[in-house]
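Predicted structure and sequence below. I'll ask about it afterward.
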Amino acid sequence: MLKNLLCKMNLRHDWHIQSTEDGGRYRRCQNCGKYQEGGSGRNGNWAAPLGMG
């Protein structure tokens, strides 16, 4: 329940990198389903683990 509240308040998401059928990448929150397109996440590289850096 707390995780859902934090997502709704846009304070914290549980991002996971996903791939599209054509090879593009996006991040999707495991809790609320929100997504971000592109390839420039935190640290400018979604391919790196989000906890690094």
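Cool, the structure landed. Numbers count the residues shown, from 1 in each chain.

State the distance from the closest residue to residue 19 other than its chain neighbours to residue 34.
In this structure, residue 19 finds its nearest non-sequential neighbour in residue 25, 5.8 Å apart by Cβ to Cβ, 6 or more residues apart in numbering. Using the backbone N, CA and C atoms, a C-beta is placed for each residue, glycine as well. As judged by Cβ to Cβ, to the nearest Å, residue 25 and residue 34 stand 15 Å apart.

And for residue 23?
For residue 23, the distance to residue 34 - Cβ to Cβ - is 22 Å.

Counting neighbours, go ahead and name the busier of the two.
residue 34 (13 against 6; other Cβ atoms under 10 Å).

so what's the more buried one scoring on pLDDT?
Looking at residue 34, its pLDDT is 89.

swap in the one 3 residues further on?
According to the prediction, residue 37 has pLDDT 63.

next one: residue 50
On the pLDDT scale, residue 50 gets 46.

Repeat that for residue 1.
The model's pLDDT for residue 1 equals 73.

For residue 13, see how far away it is.
Separation of residue 1 from residue 13 (Cβ to Cβ) stands at 16 Å.

between those two, which one's more packed in?
A count of neighbours by other Cβ under 10 Å puts residue 13 above the other of residue 1 and residue 13, at 19 against 5.

what's near enough to touch the more buried one?
6, 7, 29, 31, 32, 34 (Cβ atoms under 8 Å, 6 or more residues apart in numbering).

Check which helices and strands whichever strand or helix holds residue 18 sits against.
Taking DSSP states H and E as the criterion, residue 18 maps to strand 15-19. Applying 3 or more Cβ pairs under 8 Å, 6 or more residues apart in numbering; DSSP states H and E, one finds that strand 15-19 contacts strand 25-29.

Show me which positions of the strand it packs on end up buried.
Going by neighbour count (16 or more other Cβ atoms under 10 Å), the buried part of strand 25-29 is 26, 27, 28, 29.
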